[in-house]
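Q: compute the structure for the input listed below.
(2 chains)
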Amino acid sequence: MNNLTLDKVLRKAKKIATSNRAIVVYATIVLILVWQLFASTTNAFVMPSPFSTTDANGFERDGVFITFFRLIQTQTFFAHLRATLWRVFFSFIISFSVAALLAVLSTINKVEYALKPIINVLIALPVVVIAVLMLRFFSRETAPIFVGFLLIFPLCYEGVLSAVKGVDKKVLEMSKVFNVPPPRRIPTIYIFSVMPHIISTAKVATLMNLKAIVSAEVIINPVYGIGQIIFLHNQVIQVTHVFAWALVVIILSFAIAFAFDLVKKFACRWQA
Amino acid sequence: MVQIKNITKSFGELEVFKNFSLDIESGKITALLGPSGCGKTTLLRILSGLEKIDNCKTNSKFTTTKQSKSDTLPDTPNQQEITPHQQEITFGQVTGVPNDISYIFQEPRLLPFKTVFGNIDFVLKQKYPDKPQRLQLIEKYLEMTGILESKNFYPKQLSGGMAQRVSIARAFAYPSTLHLWDEPFNALDTKIAQQIFNSIIDIIDLTDNAQPTTPDQPTTNPPIANPPPTAVENRQPTQSPLTVIFVTHSISDALLLADKVVILGERGTGIKNILDIPTNRKDRSLTDNTLATIRQQILQTIYD
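A: Residues are numbered from 1 along each chain as shown, chains lettered A, B, ... in the order given. Got it, this is the predicted structure:
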C-alpha cells in the first residue's frame, strides 16, 4: 500500500518536473546563471550582476533584483509606470480602431491598394525618425502616443485584414443557402471567425507598442515615462537601475501577454 | 417540378454546361452520376443560387428563378428589353426551386465556434422562433444520425464522419421540400451510412403519397408531431413530398436510394443517359436482378 502511494507521488513529481512550465522555469534559471557568469567576468558599468556582490575594495554593490525591489517602493515608480501604460493604451486603441476600420473597407473596395504605399513606408520607418517627426507636431507628453500609433498601425491593419479575408467563405455560403438573414449571418460568422486572429494581433501589437513607446520616451524625454527614467539613469551611469527598469518592462510584457492569452482562452474556448 | 432549361455555364475558358436542360420530378430522389469535373456539383450550386448561370436573363444575384416568382416571369425574353446582340443568346432558366433548400455539402461546413446543437440552431432560428420546438426538432435529427450524445461538442472535437452527420441532421431539420446532397455519405462508415439510409427511406416514403402544398408553406408554420418517437414522424403526410437531387460517385448509393439516375458525360457534353429504378426502395438489395441489370446499364453508359 505504502509502496503504491510512494509510486504515485514519484510519478506525479516526475510529471511536474518534466512539464512544459517546469522547462520554462529551468530555462529562466539557466538564463540568470549565464547572466551572473557573464557579469562576474566584467565590471558593473558594462554588465551589472543580477545578485548583490562585494567588490575588491570591500564595497557591497546592489544587484539588479534588489535594485528592482527598491525602485518599485519609490513614489515616482508608479508615476512613470502609469504614464507609459496610458500611452500604450491610447496609442493601441487609436491604432487598432483606425486599422480595423480601414481593413474592413479594404475588403469591400480597392482601399487596400491605395493604402499599400503608406503601409510600406510605415513598416520601413525607424522609431527615431517617427519620434523626431512627431515632436514637430505634438508635445513631449503626447508625441510617444503617436509614435506608437504609427509603428503598430501596419501590424494591426495587416492582422485585421488577413483575419477578415480568412473568414471561411464556405461557411458563409452555407448560411446563405439556409436563408440565415444577413443581419444575423454576417456579425455572427465574421465576429467569431476573426476573434482568435484579432486577439493574437492585439497581443503582438500591444507588446510591440510597449517597446516602441519606451524607445520613443528615451528619444522624446517626456516628464514621466519608463523610457525617460531609463534615459536619466543611463546619463548618470546607473547601469543597475537601467537593468532594473528593463526588468520592469519585461515583467509588464509577460503580464500583458498573459492577460491576452487569458482573454483568448475564454473568448475562443471552442478552439481548445 | 424543378426545370432546368438551356443553361450555359463556364469558368473562364472551361465550359461546364452548354444549353443544358433537365427536368427533376417532385417527390423523387434523382441521383446524378458522372466523371469528376462534369458539373454535378456546379449544377447543385446553380440550383441553390450559389452560382450564376452565364445566360441568365435577370440581373438578380440569385440567378435561379424561384418558384414564388416564376409566375411573373415570361417564358420567353421580353423583346423590348433586349438588344440585337442579346437576341442571339438563348436564355437559360431554372424554375420550380423553392425558397427554402436543404443542402448537404461535400464537407460538413460547420461553424467552428458553435456546438453541434448550436450549428443546427443557427439555421433554424429564423424558421422556428420557439426555442423548445427547435430543441425537440434538433434532438430528433441528431438522434436520427446517431450523434445526439455529442450535441454539446464543438466541431473540433468531432471526427470527419461525425461532423458530416451533423451536416446531414442540419439539412433534415431545416424545413424544405428540396434537398441538394453533394456526396453526403463519403465520410461515413458503412453501419452509420446504412442507418441514415433507412431513416431517409422512411422519410421519403412517408411523403411519397402526400398531397402537394405550396413550397413556402412549411417555412411559415412547420408542423411538428408531439411528441414523435422517431425522426420520421416529424414530416407529416400533409407536407409536400421531398425532392432530392443527389450527387454521388457511388453506384450502389444511387441504386439503393434513387428513383432516377441521371448519368452525365464528360465536361460540357451534357446528359448521357437517364435510367429509372422501378423497384420499391424498401425492398431493394444490391444482389437482386433488377438492380444488377441497372448497374450493368450504368456501367455501360459510363464506359461508352
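Q: now do the strands in chain A.
A: Along chain A, the segments classed as strands by DSSP state E run A:53-54, A:60-61.
Q: turn those into CSV, including mean pLDDT and mean neighbour count.
A: Heads up, the C-betas are built off the backbone N, CA and C, glycines and all. Putting the strands of chain A into CSV (pLDDT from 0 to 100; neighbours: other C-beta atoms under 10 Å in any protein chain shown) gives the following:
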stretch, mean pLDDT, mean neighbour count
strand A:53-54, 77, 12
strand A:60-61, 79, 12
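Q: so which of those strands gets nearest residue B:289?
A: strand A:53-54 (96.8 Å; C-beta to C-beta).
Q: and that closest one, how far out from the chain's middle?
A: Relative to its chain's centre, strand A:53-54 lies at 34 Å (C-alpha atoms, centre = their mean, to the nearest Å).
Q: which parts of the stretch 101-250 of chain A sit against chain B?
A: Within the stretch 101-250 of chain A, the positions near chain B by C-beta under 8 Å from any C-beta of the partner chain are A:170-171, A:173-181, A:184, A:188-189, A:192-193, A:195.
Q: let me see the contact set for residue A:8.
A: By C-beta atoms under 8 Å, 6 or more residues apart in numbering or on different chains, no residues touch residue A:8.
Q: residues from the stretch 101-250 of chain B in reach of chain A?
A: Residues of the stretch 101-250 of chain B lying near chain A (C-beta under 8 Å from any C-beta): B:101-103, B:105, B:107, B:109-115, B:122-123, B:125-126, B:154, B:156, B:170, B:174.
Q: and those, which of them are buried?
A: The neighbour-count test (16 or more other C-beta atoms under 10 Å in any protein chain shown) marks B:101-103, B:105, B:109-115, B:122-123, B:154, B:170, B:174 as buried among those.
Q: from those, which two are the most distant?
A: Among those, B:101 and B:154 lie farthest apart (C-beta to C-beta), at 26.3 Å.
Q: still on that earlier bit, which of the residues of the stretch 101-250 of chain B next to chain A fall in helices?
A: Secondary structure from DSSP state H places B:122-123, B:170 of these in helices.
Q: any chance of the residues you listed in JSON lines, with pLDDT too?
A: Output for those, formatted as JSON lines (pLDDT from 0 to 100):
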{"residue": "B:122", "pLDDT": "94"}
{"residue": "B:123", "pLDDT": "94"}
{"residue": "B:170", "pLDDT": "94"}
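Q: now, which of the residues you listed sits nearest chain A?
A: Chain A has its nearest neighbour among these in residue B:123, at 3.9 Å by C-beta to the nearest C-beta.
Q: test my guess that that closest one contacts residue A:181.
A: No: assessed by C-beta atoms under 8 Å, residue B:123 is found out of contact with residue A:181, at 11.0 Å.
Q: give me the common contacts of those two.
A: In contact with both residue B:123 and residue A:181: no residue, using C-beta under 8 Å, 6+ apart.
Q: CSV please, covering the strands of chain A and showing distance to chain B.
A: Listed next are the strands of chain A as CSV, based on distance: least, C-beta to the nearest C-beta, whole Å:
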stretch, distance to chain B
strand A:53-54, 53
strand A:60-61, 54
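Q: just put those in a markdown table and tack on distance to residue A:264.
A: What follows is the strands of chain A, written out as a markdown table (distance: least, C-beta to C-beta, whole Å):
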| stretch | distance to residue A:264 |
| --- | --- |
| strand A:53-54 | 42 |
| strand A:60-61 | 42 |
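Q: tell me the domain ranges of chain A?
A: In terms of domains, chain A is parsed into A:2-63, A:68-271 (source: automatic domain parsing).
Q: OK, contacts around the residue nearest the centre of chain B?
A: Among the residues of chain B, the one closest to the centroid is residue B:180, at 1.5 Å (C-alpha atoms, centre = their mean). Contact analysis of residue B:180 by C-beta under 8 Å, 6+ apart lists B:44, B:47-48, B:101-104, B:244-245.
Q: same question, residue B:297
A: B:273, B:275.
Q: can I get the helix or strand containing it in PDB, CA atoms only?
A: Secondary structure assignment for residue B:297, by DSSP states H and E: helix B:289-303. The C-alpha coordinates for helix B:289-303 follow below in PDB (Å, rounded to 0.1, in the frame of the first residue of the first chain):
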ATOM      1  CA  ASN B 289     -31.600  -9.000 -60.500                       C
ATOM      2  CA  THR B 290     -33.300  -5.700 -61.400                       C
ATOM      3  CA  LEU B 291     -30.700  -3.600 -59.600                       C
ATOM      4  CA  ALA B 292     -27.900  -5.800 -61.100                       C
ATOM      5  CA  THR B 293     -29.200  -5.100 -64.600                       C
ATOM      6  CA  ILE B 294     -29.500  -1.300 -63.900                       C
ATOM      7  CA  ARG B 295     -26.000  -1.300 -62.500                       C
ATOM      8  CA  GLN B 296     -24.800  -3.000 -65.700                       C
ATOM      9  CA  GLN B 297     -26.600  -0.300 -67.800                       C
ATOM     10  CA  ILE B 298     -25.000   2.500 -65.700                       C
ATOM     11  CA  LEU B 299     -21.500   1.000 -66.100                       C
ATOM     12  CA  GLN B 300     -22.100   0.500 -69.800                       C
ATOM     13  CA  THR B 301     -23.200   4.200 -70.200                       C
ATOM     14  CA  ILE B 302     -20.200   5.400 -68.100                       C
ATOM     15  CA  TYR B 303     -17.600   3.400 -70.100                       C
END
